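Visitor: 3D, please:
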Amino acid sequence: MHVAHLSLQDFRSYATAEVALGPGVTAFVGPNGQGKTNLVEAIGYVASHGSHRAATDAPLVRQGAPRAIVRAGVVKDDRKALIELEINPGKANRARLNRSPVPRPREILGMLRTVLFAPEDLALVKGDPGERRRFMDELLTARAPRFAAVRSDYDRVLKQRNALLKSAAAHRRSPGPEVLATLDVWDAHLARTGAELLAGRVELVEALRPLVARAYAALAPSSGAADLHYKSSLGAEELSTDRGRLAEQLLAGVAEARKQELERGVSLVGPHRDELVLRLGELPARGYASHGESWSFALGLRLAAFDLLRADGDDPVLILDDVFAELDAGRRSRLAEMVAPAEQVLITAAVPADVPAELTGGSYTVADGRVVRE
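Guide: Next comes the predicted model:
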């Protein structure tokens, strides 16, 4: 799988941009602030319908423009597809596949798969649990696009349930039977949708564990062993992946926490409260890993994601956004050797020297709003 062409209209700093791409390595080189990351961000957005730099779509639209359009020509097994996303902040986004509208943008998820590593990924190791939950859920959706609907359903249920709890807490009195009956209904919805999401995450972590350990050992052979552990708000050390069993556990968990939830006005049990614990040796990586170890662990997570997606049948597009400048010579060389065999690798760098010699290929200079092939 690779991107053959990228077309932008009013995306970030670009009024328009047309970039031809191909298999192998392509580097976008230029000073900081010139729009290199905007190009790879657009490709990542086509794959995930989200940005690695912005929580909402509004910053993706060029100032003064009503909308942005991103088109990507994708080649998979010698078959070509044109994917188009129209980004409308505050409104519903629109999508087209081969110039034909699709009912919902999420229906084209999976047409392009990417793995993107950027400086922001340090938050996977050093940041709060929400960063690691997002990593799991985005990878789940990349592997099985149906999880986009699962996540949407769970978020909707959680929002409704929290609104009910918040309203009950605001009145500062025991909720009446109608409120409790309505809460029972939302408890059942949370258990059903939460069980599906929780089972997917547990299965994902088990698949990732050996891949992360291998990738980290290759990047930082002198450091301790990397490991992952899924920590559930249910308190169980070992979780089944049986959806029915997990739904029963979630129902029991919310029943036990109901009094506290009514007092605090927020849902305290469910996948939204879970954590992916990262360990180096016997210690948690967060708070104990050095800067270099944290970089290597974050890279290990992304490389493991790449290997997992590749095992499903196709190489995802591998994007390395301003990565090599942060690595010492040893890690830089080892990373280059690991990613070189990928079908398509896109790199951003401030200067040509930041691109390792092992990663030769095409190059674009990005400056003054222009993308020029070298």
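Visitor: Now do the helices for the stretch 151-300 of the chain: every range, in order, please.
Guide: Using DSSP state H, counting those that start in this stretch, the helices assigned to the stretch 151-300 of the chain run over residues 177-219, 243-264, 291-311.
Visitor: Now the last one: buried residues?
Guide: Of the residues in helix 291-311, those scored as buried under the neighbour-count criterion (16 or more other Cβ atoms under 10 Å) are 292-310. In this view, the C-beta of every residue, glycine as well, is placed from N, C-alpha and C.
Visitor: distance between the helix or strand hosting residue 18 and the chain's centre?
Guide: Under the criterion of DSSP states H and E, residue 18 resides in strand 14-20. If you compare the mean C-alpha spot of strand 14-20 with that of the full chain, they lie 25 Å apart, counting by Cα atoms, centre = their mean, to the nearest Å.
Visitor: Could you pull out the buried residues of the helix or strand just after it?
Guide: Next helix or strand after strand 14-20 toward the C-terminus (DSSP H and E): strand 24-29. When neighbours are counted by 16+ other Cβ under 10 Å, the buried residues of strand 24-29 are found to be 25-29.
Visitor: Adjacent strands (with direction) for strand 24-29?
Guide: Listed by DSSP bridges, the sheet partners of strand 24-29 and their directions read strand 344-349 (parallel), strand 361-367 (parallel).
Visitor: any idea of the mean pLDDT in the last one?
Guide: For strand 361-367, mean pLDDT is 92.
Visitor: got the angle between it and strand 14-20?
Guide: An angle of 160 degrees separates the directions of strand 361-367 and strand 14-20 when computed by axes from the mean of the first three to the mean of the last three Cα atoms, to 10 degrees.
Visitor: Low-confidence regions, the stretch 51-200 of the chain specifically.
Guide: Low-confidence segments of the stretch 51-200 of the chain, defined by pLDDT under 70: 172-173.
Visitor: Okay, and residue 73 sits in which element?
Guide: Residue 73 is part of strand 68-76 when elements are defined by DSSP H and E.
Visitor: I should have written residue 103 there, sorry.
Guide: When elements are assigned from DSSP H and E, residue 103 belongs to no helix and no strand.
Visitor: what's the neighbour count on it?
Guide: As a burial measure, the neighbour count of residue 103 was computed by other Cβ atoms under 10 Å and equals 7.
Visitor: quick one, what contacts it?
Guide: Under the criterion of Cβ atoms under 8 Å, 6 or more residues apart in numbering, residue 103 has no neighbours.
Visitor: pull the CA atoms of stretch 305-314 into PDB?
Guide: Below are the C-alpha coordinates for stretch 305-314, written out as PDB (Å, rounded to 0.1, in the frame of the first residue of the first chain):
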ATOM      1  CA  ALA A 305       1.800  -1.100  15.500                       C
ATOM      2  CA  PHE A 306       3.400  -1.100  12.100                       C
ATOM      3  CA  ASP A 307       4.400  -4.800  12.500                       C
ATOM      4  CA  LEU A 308       0.900  -5.700  13.700                       C
ATOM      5  CA  LEU A 309      -0.800  -4.000  10.700                       C
ATOM      6  CA  ARG A 310       1.700  -5.500   8.300                       C
ATOM      7  CA  ALA A 311       0.800  -8.900   9.600                       C
ATOM      8  CA  ASP A 312      -2.800  -8.300   8.600                       C
ATOM      9  CA  GLY A 313      -1.700  -8.300   4.900                       C
ATOM     10  CA  ASP A 314      -0.400  -4.900   3.800                       C
END
